[in-house]
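[1] Here is a sequence with its predicted model. Questions after.
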Amino acid sequence: MMHPALQSLRNADVTTGVVLLTGVDRLSLDAAVFSLMDSCPSACSIVYDVCANDDAECGLDIVRRIGLPLSNELSHCANDAPARVETMQVSDCCLSCTVKHDVGRMLEILHDVADAFLVVLPVGLEAIPVMQYLDDMFQLGAWGESMAVSAIGNVVGLDAFEERFFDDDRLLLCGVTEDDAVFDERSTGAVVSRLIHEASHVLELPVIGSGCLARHVDADETCDCRGIIRSIAANDAVVCPDVHDLVLMDLVRPVIASGV
């Protein structure tokens, strides 16, 4: 069965899958990206982050980083070749619109440089609006006929899951101190739940060191984090207990095999 978020896809001959990755913790996202990209040298990563900008209307800028396949360059893109690292202003009314429009533009430029694409969204950004926009672009443009969003993956670090899940304070988007911190208006716990529930694949990062097991355990000394995550996830979502055991193509193959 295909996850409801992906049922709108209609491409008949899909050969290039696009994985959208979400999360509320930049360190966990970076760890997952490193592991997934290491497993697939022919893939391209497009990673979005935000940084504080006091002069911007919304208080932040967007940073895009492109990681090309090891054997590929951008010479064929000529003047359209994007910079490997680029900072841009938030436009198009909101962060979500700015990111989804830029993702579409990058995939149109880079569509033939990789066998798969890993698109990492900024902390807290939901993937379904991006997926729906890309679905429309793939159907309207000849360049996208062989592309489809194959998975929405949400990275969950078990080390601090309980703290974030029950956190009613605003979600931290970037920064570490009171002077440079930028917050989302939504609570951290609400965002954690929404990202898990929309995902077709929940990618867990196991506890490192003492982690959560030392902070909250039941009488039988077991942690309930995985059970909470499973209860929030969609019924047909795949919950992966350790993202390091996955290869990127595990998230890409289902949509290619089904010829969605």
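    That came in fine, so what should we check first?

[2] Run through the strands of the chain in chain order.
    Using DSSP state E, the strands of the chain run over residues 16-22, 43-52, 60-67, 85-89, 116-120, 147-157, 170-174, 182-187, 201-205, 238-240.

[3] Please render the ones you listed as a markdown table that adds distance to Leu110 to the earlier fields.
    Quick note: C-beta positions are derived from backbone N, CA and C, even for glycine. Shown next, in a markdown table, are the strands of the chain (distance: least, C-beta to C-beta, whole Å):
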| stretch | distance to Leu110 |
| --- | --- |
| strand 16-22 | 10 |
| strand 43-52 | 6 |
| strand 60-67 | 8 |
| strand 85-89 | 13 |
| strand 116-120 | 8 |
| strand 147-157 | 11 |
| strand 170-174 | 26 |
| strand 182-187 | 29 |
| strand 201-205 | 23 |
| strand 238-240 | 27 |
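
[4] Out of these, which gets nearest to Cys223?
    For these, distance to Cys223 was read as C-beta to C-beta. The smallest value, 11.7 Å, belongs to strand 201-205.

[5] Residue ranges in the stretch 101-250 of the chain under the pLDDT threshold?
    178, 208-222 (pLDDT under 70).

[6] With distance to Asp135 and mean neighbour count as added columns, please give the strands of the chain in TSV.
    Shown next, in TSV, are the strands of the chain (distance: least, C-beta to C-beta, whole Å; neighbours: other C-beta atoms under 10 Å):
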stretch	distance to Asp135	mean neighbour count
strand 16-22	10	26
strand 43-52	17	21
strand 60-67	21	18
strand 85-89	23	12
strand 116-120	13	26
strand 147-157	7	28
strand 170-174	26	19
strand 182-187	25	14
strand 201-205	18	25
strand 238-240	20	18
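
[7] Count the neighbours of Phe165 for me.
    By other C-beta atoms under 10 Å, the residues close to Phe165 number 19.

[8] From His197, how far out is it?
    According to C-beta to C-beta, to the nearest Å, Phe165 stands 12 Å off from His197.

[9] any chance you could map the helices in this protein?
    For the chain, the helices defined by DSSP state H occupy 26-38, 95-110, 128-140, 161-165, 188-198, 225-232, 248-258.

[10] closest one to Pro82 among those helices?
    Comparing those by C-beta to C-beta, helix 95-110 comes nearest, at 6.2 Å.
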